[in-house]
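Chemist: just the structure for this:
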Amino acid sequence: MTQPLGRSPGGLELGYLALHAGRLVQTAVEEAALEAGMPAMDLLALYMLGEHDGLTGGALARLLHVQQSSITPLADRLEGAGLISRAPDSGDRRKVWLCPTASGREVLERTIAVARGAVRESFGPLSRGSAAALAALLGEVVEPWLAEVTRSGLPSAAPAGPTPRAGRPSRPPG
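Modeler: Numbering: from 1, shown residues only. Have a look, this model is predicted:
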């Protein structure tokens, strides 16, 4: 029999705890979205687009764990609200970039502050050092997967301009 990766002091397995930690964050996003008057999936998509400085529709679908066909209506809503723009990839006409607009970044910053407050409260029992250690450990697991998912959404031709933040794809030109 395979041994579990680890257990909490209360005896719960790591995967079970990680699942529920994610649900705490998801609940915070849903509450922030409700307060902002937008669907939680739209806020989550906008947050992911902001964190990665834009993504292709396919990469966004993988991150959201939805069918790629559901990205078009989501992008239509966000674009219609002026929160994102679409930009064709300069080297691959099949790829379309979804990038937050300045207005989208303002809405995101305002709205996500509500979610961050709830997350901070949920993880309140952790010291600042423990929270940083947990983030580093989760990063070791999650960041390689994120790199794989977002790599498929990298621009075909690197745009001119400033270097993107470490570990994040370049935004498409436009």
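Chemist: was I right about Tyr47 contacting Ala28?
Modeler: No: the criterion here is Cβ atoms under 8 Å, and Tyr47 misses it with Ala28 at 11.1 Å. C-beta here means a position set from N, CA and C on the backbone, and glycine is covered the same way.
Chemist: parallel or antiparallel, list what pairs with the host helix or strand of Trp97.
Modeler: Using DSSP states H and E, Trp97 sits in strand 96-100. Strands that pair with strand 96-100, judged by DSSP bridges, come out as strand 55-56 (antiparallel), strand 84-88 (antiparallel).
Chemist: which one of those strands lies closest to Ala147?
Modeler: strand 55-56 (12.7 Å; Cβ to Cβ).
Chemist: what average pLDDT does that closest one get?
Modeler: The average pLDDT for strand 55-56 rounds to 94.
Chemist: quick one: secondary structure of the residue minimising distance to the centre of the chain?
Modeler: With distances taken as Cα atoms, centre = their mean, Met48 lies nearest the centre of the chain, 2.8 Å away. Recorded secondary structure, Met48: helix (DSSP: H, G, I helix; E, B strand; the rest coil).
Chemist: pLDDT of stretch 97-117, averaged?
Modeler: 94.
Chemist: from the chain's centre, how far out does that stretch sit?
Modeler: When distances are taken as Cα atoms, centre = their mean, to the nearest Å, stretch 97-117 is centred 11 Å away from the chain's centroid.
Chemist: got the buried residues for it?
Modeler: Burial within stretch 97-117, assessed by neighbour count using 16 or more other Cβ atoms under 10 Å, is assigned to 97-100, 104, 107-108, 111-112, 114-115.
Chemist: cool, stretch 52-71 as well?
Modeler: 52-64, 71.
Chemist: how long is it end to end?
Modeler: This stretch, stretch 52-71, spans 16 Å end to end (Cα to Cα, to the nearest Å).
Chemist: follow-up on the earlier one: among the buried residues of stretch 52-71, name the ones in helices.
Modeler: Counted as lying in helices by DSSP state H, out of the buried residues of stretch 52-71, are 57-64, 71.
Chemist: and which of those residues is nearest Ala136?
Modeler: Leu63 (20.8 Å).
Chemist: who's in contact with the closest residue to that closest one other than its chain neighbours?
Modeler: In this structure, Leu63 finds its nearest non-sequential neighbour in Met48, 5.2 Å apart by Cβ to Cβ, 6 or more residues apart in numbering. Taking Cβ atoms under 8 Å, 6 or more residues apart in numbering, we find Met48 in contact with 55, 60, 63-64.
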